[in-house]
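>>> Sequence first, then the predicted structure, then my questions.
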Amino acid sequence: MANENEAFAQWLYTDIVMDHFTNPRNVLLGDETEIAARADGIGIVGSPVCGDMMKIYVGIDKETGRINDLRWKTFGCASAIASTSMLSEIVLENGGMTIEDAFLIRPQDILERLGGLPDRKIHCSVLGDKALRAALRDYLIKTGQENRIPPEPAREVCHCLAVTEADIENAILEHDVRTFEQLQARTKISTGCGQCKDEAIRTFNKILDNYNIAR
């Protein structure tokens with residue numbers, strides 16, 4: 001049975017995902033109280049009641065303003081573990097991201113580095129970046145730098161992949177997307193749980209109509 005489960009997991013996930021699941025980077029080990037006490041910002045999203053919860057602790061280099069430490073802990077599936085492990089690598093590589101750049105990380109960036117996730121698991125890639133933004137907001141509020149917190153994004157149409165109405169409009173106007181299939185290929189909208197598909201199509205068609213763009 002163990003061999004069958006291992007073979008199934010390898011078929012379901014890319015080698016990169018499996019590597020980050022079995023050997024997660026920057027995962028929180030040791031005394032969580034100690035790590036929380038020295039963290040500059042803490043972000044918590046999700047709920048253990050529904051099965052997924054993510055905590056991220058960040059450290060900020062006060063001289064450079066870059067993120068120099070990121071530790072995380074999750075109650076989630078293999079996809080959530082692998083996604084957050086990859087997120088931590090993205091944030092810390094090359095000397096660490098600036099706060100401004102870290103706010104811009106999207107689930108699509110994580111998926112691309114992982115080589116993709118099964119459609120029904122894509123929503124798991126959202127937990128990490130949401131917790132990261134929460135941790136950065138926490139740091140900026142604590143240090144009286146609220147003016148550096150970016151405004152809330154435009155209305156989210158696809159919650160799994162955080163695709164907004166502005167993203168759809170940009171795809172239409174800047175990248176000549178003219179079909180919903182092209183929109184999905186570019187933004188991955190409605191490729192997670194799929195519950196937003198009807199609303200995504202309505203929004204897509206509304207924007208086309210607003211600009212008198214033929215389908």
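Noted; the coordinates are in hand.

>>> alpha carbons only for contacts and neighbour counts from here, please
Fine.

>>> need the helices for this structure, in chain order.
Along the chain, the segments classed as helices by DSSP state H run 2-12, 15-22, 32-38, 78-92, 99-103, 107-114, 125-142, 165-175, 180-187, 197-210.

>>> And those helices: which comes nearest residue 159?
helix 125-142 (8.4 Å; CA to CA).

>>> rewinding a little: and the helices of the chain as CSV, adding mean neighbour count?
As requested, the helices of the chain are exported to CSV (neighbours: other CA atoms under 10 Å):
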stretch, mean neighbour count
helix 2-12, 11
helix 15-22, 18
helix 32-38, 12
helix 78-92, 24
helix 99-103, 17
helix 107-114, 18
helix 125-142, 23
helix 165-175, 17
helix 180-187, 16
helix 197-210, 16
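
>>> Mean pLDDT lowest where, among those helices?
Per-stretch mean pLDDT for the helices of the chain is lowest at helix 2-12 (a mean of 49).

>>> re earlier: TSV for the helices of the chain, including distance to residue 62?
Formatted as TSV, those follow (distance: least, CA to CA, whole Å):
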stretch	distance to residue 62
helix 2-12	42
helix 15-22	30
helix 32-38	14
helix 78-92	15
helix 99-103	12
helix 107-114	27
helix 125-142	12
helix 165-175	33
helix 180-187	35
helix 197-210	42
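
>>> For residue 156, find the nearest of those helices.
Per CA to CA, nearest to residue 156 of these: helix 165-175, 6.3 Å.

>>> how many neighbours does the closest residue to residue 40 other than its chain neighbours have?
Once flanking residues are discounted, residue 40 sits nearest to residue 59: 5.1 Å by CA to CA, 6 or more residues apart in numbering. Around residue 59 sit 21 other residues, with neighbours defined as other CA atoms under 10 Å.

>>> What distance do you get for residue 59 to residue 209?
Distance of residue 59 to residue 209, computed by CA to CA, to the nearest Å: 46 Å.

>>> what do you get for residue 124?
33 Å.

>>> next one: residue 132
As judged by CA to CA, residue 132 and residue 209 stand 36 Å apart.

>>> repeat for residue 109
Distance of residue 109 to residue 209, given as CA to CA: 30 Å.

>>> can you check residue 155 too?
Computed as CA to CA, the residue 155 to residue 209 distance reads 19 Å.

>>> ok, residue 214 touching residue 206?
No. The criterion here is CA atoms under 8 Å, and residue 214 misses it with residue 206 at 11.6 Å.

>>> beta partners for residue 98?
Judged by DSSP bridges, the bridge partners of residue 98 are residue 66.

>>> ok, now which ones touch it?
Neighbour list for residue 98: 65-67 [criterion: CA atoms under 8 Å, 6 or more residues apart in numbering].
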